[in-house]
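Colleague: Predicted model, plus sequence, below.
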Amino acid sequence: MLKQRVMTALVLVAAILWLLFAASEQAWRWSFLAVAAVGAWEWAAFAGRKLLQERLAFIIVVEVALYFVLNASHDIQQIILYSAIPLLFVVMTIVVLYQKREGQAVVTHSGLVLLLGLWTLVVFTLSMVTLRHLLTPSEILLSMLSIWAIDTGAYFAGRQFGKTKLAVYVSPGKTWEGVVGGGLLSFGVVMIGGMSVVEPLKISPVTFALLATLIALLSVFGDLFQSVLKRQVGLKDSGKILPGHGGILDRIDSLLIAMPLFTLLWMGSLQ
């Protein structure tokens, strides 16, 4: 199992590095359209949709929505601007309510679950496409590393110091100590990696690192949100496409919420 996880992780890292530093912007766009399609397939299961035609129908809805926005909209950044914060608020509300209700389902209507999936996947994909156009490969990688850093730091800090449960009904293994440890590692990564930023920033590097760390901390809600959706329908993983890791949504759950917020941060920070 561990060997599978490591091998899959290495392949994913290699794919991201190739897409960032060697592939064209068009290849990046098509890759994330494919990620959105797989994510839509898996998200349909959160709504209890198991039939092939139901899942395919949801993929079509997501991809048509993305096609329309990417090709018909003249200001994708405005769409992200007015969607990212409300999406974060909705996700946080669902997670908090699930915890307060001690594990009782919050979002029970399948149509609403699918609507949340459409909103989340579209905004995430638009953000990834926008970032590839807006930033250098190193800057995009720095944004993603800050999220991965909080996951890594939280895991090790939680194992070493974790005592206070973060949200026991949502994800029993997560602790406040782990989140703090992850946040510190994320801050360090952004401060060190900030040297790769080419464009001058409107704000100081420390301020940028603090805001990036805040986004990394908020990314935890993406993980918790999907835990809620999976628990409501009795799923352990979102899928089986990634050996040792589960589904594609299991790997990008934190990025789904964080990357739209990073898009806002970069849009507001670059001169």
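Modeller: Looks like it came in fine.
Colleague: For E102, see how far away V170 is.
Modeller: As for V170, its distance to E102 is 10 Å (criterion: C-beta to C-beta, to the nearest Å). From N, CA and C alone the C-beta is placed, and that goes for glycine too.
Colleague: quick one, which of the two is more surrounded?
Modeller: Neighbours per residue, other C-beta atoms under 10 Å: of V170 and E102, the larger number sits with V170, 22 against 8.
Colleague: which residues are in contact with stretch 161-173?
Modeller: Contact with stretch 161-173 is made by 95, 98-99, 101-103, 158, 174-179, 181, 220, 223-224, 227-228, 231, as judged by C-beta atoms under 8 Å, 6 or more residues apart in numbering.
Colleague: how about low-confidence regions in the stretch 1-150 of the chain?
Modeller: 1-3, 73-74 (pLDDT under 70).
Colleague: next one: the stretch 151-271 of the chain
Modeller: For the stretch 151-271 of the chain, the stretches flagged by pLDDT under 70 are 198-199, 244, 271.
Colleague: where do the strands sit along it?
Modeller: All strands of the stretch 151-271 of the chain, identified by DSSP state E, counting those that start in this stretch, fall at 165-167, 171-175.
Colleague: export the ones you listed to CSV and tack on mean neighbour count and distance to V189?
Modeller: Shown next, in CSV, are those (neighbours: other C-beta atoms under 10 Å; distance: least, C-beta to C-beta, whole Å):
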stretch, mean neighbour count, distance to V189
strand 165-167, 18, 21
strand 171-175, 18, 20
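Colleague: With respect to G117, which of these lies nearest?
Modeller: Closest to G117 of the strands of the stretch 151-271 of the chain is strand 171-175 (C-beta to C-beta; 19.6 Å).
Colleague: For the one helix or strand E42 maps to, name the packing helices and strands.
Modeller: Here E42, judged by DSSP states H and E, is contained in helix 25-46. Counting contacts by 3 or more C-beta pairs under 8 Å, 6 or more residues apart in numbering; DSSP states H and E, helix 25-46 is packed against helix 2-21, helix 52-72, helix 110-134, helix 220-233, helix 248-269.
Colleague: quick one: it to helix 110-134, angle?
Modeller: Angle, helix 25-46 to helix 110-134, by axes from the mean of the first three to the mean of the last three C-alpha atoms, to 10 degrees: 160 degrees.
Colleague: which other residues reach helix 25-46?
Modeller: When contacts are defined by C-beta under 8 Å, 6+ apart, helix 25-46 is touched by residues 19-20, 23, 50, 54-55, 58-59, 61-63, 66, 70, 113-114, 117, 120-122, 124-125, 128-129, 132-133, 226, 229-230, 232-233, 235, 238-239, 241, 247-249, 252.
Colleague: Quick one: the helices and strands packed on helix 25-46 as TSV, columns for distance to I150 and mean neighbour count too.
Modeller: As requested, those are exported to TSV (distance: least, C-beta to C-beta, whole Å; neighbours: other C-beta atoms under 10 Å):
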stretch	distance to I150	mean neighbour count
helix 2-21	17	13
helix 52-72	27	15
helix 110-134	18	21
helix 220-233	7	23
helix 248-269	8	22
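Colleague: wait, which of the ones you listed is closest to S146?
Modeller: helix 248-269 (8.1 Å).
Colleague: Give me the packing partners of the closest one, helices and strands only.
Modeller: Helix 248-269 packs on helix 25-46, helix 76-100, helix 110-134, helix 137-161, helix 205-218, helix 220-233, going by 3+ C-beta pairs under 8 Å, 6+ apart.
Colleague: Quick check: buried residues in the fifth one?
Modeller: In terms of neighbour count (16 or more other C-beta atoms under 10 Å), helix 205-218 has its buried residues at 208-209, 211-213, 215-218.
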